[in-house]
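1. Next comes the sequence, and after it the predicted model I'd like to discuss.
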Amino acid sequence: MQEPIISIQKLHKSYGTKTALNHISIEITKGSVYGLIGQNGAGKTSLIRILNQIIDANSGHIIFKGTPMTSEAVKHIGYLPEERGLYKNMTIEEQALYFGQLKGMTKVNALEQLNYWLDRFDIVDWRKKKIQGLSKGMAQKVQFIITVLHQPDLLILDEPFSGFDPINANLIAKEIKTLAKNGTTVIFSSHRMESVAEMCDALCLIHHGNILLEGSIQSIQKKYVQQVFEVTLNNYQENELTLFLNNADYKTNIIQKEEEEIRFEVINNQKETDQLLHDLLKVGKVISYKQHTPSLQDIFIKTIENA
Amino acid sequence: MHKLLLIIQREFITKVRSKAYLVLIFLSPMLMIGMFAAIFYFASKESKDNYKQVSILAVTTPEIAADIQKENPNIALEYRTVISFKDAKTLVNDKDLNGLIYANPLSNMMEIYGDDKIPLHSLETILEKHWILQQLKNKGVEEYVIKQATENTPIHYSKKDDSHATIQKWVQGTVAIGSGYLVMMFVIIYGNAVMRSIIEEKNSRVVEIMVCTVKPFQLMLGKIIGNALAGILQFLIWGILLLGGLFLLEIYFPSVGGNSEKVEQIFNIIWEINYTQIFVGFVFFFLSGYLLYSSFYAAVGAAVSSETDTQQFVHPILLPLMFAVYIGIVTVVNGNPNGSTAVLFSFVPFTSPVVMLMRIPFGVPLWEIILSLALLLVSFITTVYVASKIYRIGILTYGNKPSMKQLVKWMFQK
């Protein structure tokens, strides 16, 4: 297992009586895309702000690149806030130089990187344009460039696709993946589950300041794979079917029933899968047999509902 | 430090190249010079137009009338002989004359009637002389003796010229009130600029990126200093434009006014003023006053989400500034810029930038200036500390306008 680039240990933050983060611990491996999922007000923004040293935690530690996090180390982080914003009356080049230099880049270096990204997004002629003259999508692209300009080790993206049209969202997603492949660690915060499943290697689900789920997407899905099967039988025998339907070990919902063929859903609570298959074969010829894999969205909703 | 410089640079450049700034810098002095030019023009024109001859009705002996005319060649004398005093008065009123001399030494009647434009002293002297002459004649004194005694007296009167002192006082007062007022304006304009810049940053959410790059305190300080530099640049340009404008006025005006001597005198006094002292005083007191007030403006900007919400908080900031200007003007106009009231308020940090600056043209001991600045500096450190506490929380708090109580809570929040 690779050493984590960032390790969050028992982080706690409260505002007055309201707990935003309840002693949470997370480890993120270098070069991975890590999803931070949760509803509005779950504690995502608080966590991100603590990582960025904008606010202080009440207790707990953050180890970044092997040493405790300092405000000096924040320059290795690139942060794209959910609420985007740039200086409206400055040109793209001026903004890049300003933010780049604030992050410790030299002027030459910042210009070099700006050229690289403008070229990559094919917007070289925007250089002297002011933000106030750009469309929302265009401004978003510039914001992304500003975020990654100083080649951060850790990229924190809060809802990176909001405001993008599908084509540009795709473009940005591709860039994020490329960055991760080249060693940049990405924390991807969102409340839109489908984008997370597509982008992330691992994730955690935060709810009311607590972590409800954590781990790689496969491991989470595996854990939530249910004993629910969709079965289609051919040439079934009516008396055996009645027996099966009345079997207390299974909960059955008939989806479609025809003369020759029957399709139903079985929730197997008691027995081994082998036994279920054995029992089904007694009823008729098994044409299809599929175990339900719940979507991440279903898992999240269920987890939060049960929380 | 490098980050602070970058912030200052950005603030300064953004401010200086904004259209509003350029308009303020070049249009305002032009309006001001235009106003001065108009005042000078109308003042000199009026003094020409206003000159109207004083007219007096003289119902008296030819000798007295001759004497009056001799002593006051500018007076238009209307001469009558047979008319009653009552009718003469009515005639003066009807014809809107300035006065009436109704005098005949033989009849023991010597009346002077008139408004304050008649040369009363001269008229009294003339009548007294003729009265004495008549009395002496009656007593049988020889005429040549009387003549010797009354004519060619060695008495000589010359008018004291105090116009220099008056004009000097007037010019000093104008400079004092002008610079005090200017400091107030600058503090308000640039304090507001800081506040607006913060609100803009907050609304456009740039602040979120900024505060993960620099400390909120650095950001606030950078803003304050950047705007202060823009303010000083503006003052410099205004100073040069104003002095240049006055110079042009001086070249132009003596040739048109009917009052050229006086205009020249005013200009001489204007050039007598120690502009280095005024400039240095302005820079120091503007800076320290601005620093003190702008930290409040910064806190307000951070606390609210839109400019319309600022009213409630900005009002308490404006009050001491207004108060200072009134105190300054009253003490200067009353000619008491070194009295106890003025001295007291030139030490109180919230009024001292304005009041002290108004006192400087009249001469203030150096230790008083240094003490006043020191007090301002201490107050600035205190207010900037308090403001940074509010600012730090405020910039990341969106939504409803906070109450005063909440602001106090923020001050102590960790």
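-> That came through, no problem.
2. Relative to residue A:54, how far out is the closest residue to chain B within the stretch 51-200 of chain A?
-> Among all residues of the stretch 51-200 of chain A, residue A:85 sits closest to chain B, at 3.3 Å; criterion: C-beta to the nearest C-beta. No exception for glycine: its C-beta is placed from N, CA and C like everyone else's. Per C-beta to C-beta, to the nearest Å, residue A:85 is found 14 Å from residue A:54.
3. Which one of those two is surrounded by more residues?
-> Neighbour totals were compared for residue A:85 and residue A:54, and residue A:54 leads with 25 against 20 (other C-beta atoms under 10 Å in any protein chain shown).
4. mind listing what the more buried one touches?
-> Neighbour list for residue A:54: B:208, B:211, B:212, B:396 [criterion: C-beta atoms under 8 Å, 6 or more residues apart in numbering or on different chains].
5. Where neighbours are concerned, which of these has the most?
-> Neighbour counts for those were taken using other C-beta under 10 Å; the highest belongs to residue B:208, with 25 neighbours.
6. Can you give me the buried ones in stretch B:17-28?
-> Buried residues in stretch B:17-28, defined by neighbour count with 16 or more other C-beta atoms under 10 Å in any protein chain shown: B:21, B:25.
7. average pLDDT across it?
-> Taken as a whole, stretch B:17-28 has an average pLDDT of 83.
8. And stretch A:157-177, by the same measure?
-> Per-region confidence: stretch A:157-177 scores 87 on mean pLDDT.
9. what does it rub up against?
-> Around stretch A:157-177, the neighbours that count as contacts under C-beta under 8 Å, 6+ apart are A:33, A:44-45, A:48, A:79-82, A:84, A:120-121, A:136-137, A:140-141, A:144, A:147-148, A:155, A:186-192, A:195, A:198-199.
10. at 7 Å instead, please
-> Outside stretch A:157-177, the residues that touch it by C-beta atoms under 7 Å, 6 or more residues apart in numbering or on different chains are A:33, A:48, A:80-82, A:136-137, A:140-141, A:144, A:186, A:188-190, A:195, A:199.
11. what's the answer for stretch A:183-190, then?
-> Contacts with stretch A:183-190, where a contact means C-beta under 7 Å, 6+ apart, come from A:5, A:28, A:30-37, A:44, A:48, A:152-160, A:176, A:179-180, A:196, A:199-200.
12. again, 6 Å this time
-> Applying C-beta atoms under 6 Å, 6 or more residues apart in numbering or on different chains, the external contacts of stretch A:183-190 come out as A:5, A:30-31, A:33-36, A:44, A:154-159, A:176, A:180, A:196, A:199-200.
13. re the thing from before, between the contacts of stretch A:157-177, which has the least confident prediction?
-> The pLDDT minimum for these sits at residue A:195, where the score is 75.
14. which stretches of the stretch 101-250 of chain A form strands?
-> In chain order, the stretch 101-250 of chain A shows strands spanning A:154-158, A:185-190, A:202-207, A:210-216, A:228-234, A:250-257, with DSSP state E, counting those that start in this stretch as the criterion.
15. Model confidence score at residue B:403, please.
-> Note on residue B:403: pLDDT of 79.
16. Read off the pLDDT value for residue B:161.
-> If you check residue B:161, the pLDDT there is 67.
17. for stretch A:278-287, what is the average pLDDT?
-> Per-residue confidence for stretch A:278-287 averages out to 87 on the pLDDT scale.
18. In a markdown table, list the strands of the stretch 101-250 of chain A along with mean neighbour count and distance to residue B:290.
-> Compiled in a markdown table, the strands of the stretch 101-250 of chain A are given as follows (neighbours: other C-beta atoms under 10 Å in any protein chain shown; distance: least, C-beta to C-beta, whole Å):
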| stretch | mean neighbour count | distance to residue B:290 |
| --- | --- | --- |
| strand A:154-158 | 23 | 37 |
| strand A:185-190 | 24 | 41 |
| strand A:202-207 | 22 | 45 |
| strand A:210-216 | 16 | 48 |
| strand A:228-234 | 18 | 71 |
| strand A:250-257 | 13 | 76 |
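19. With distance to residue B:364 added, can I get those strands in CSV?
-> Listed next are these as CSV, based on distance: least, C-beta to C-beta, whole Å:
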stretch, distance to residue B:364
strand A:154-158, 56
strand A:185-190, 60
strand A:202-207, 63
strand A:210-216, 66
strand A:228-234, 90
strand A:250-257, 95
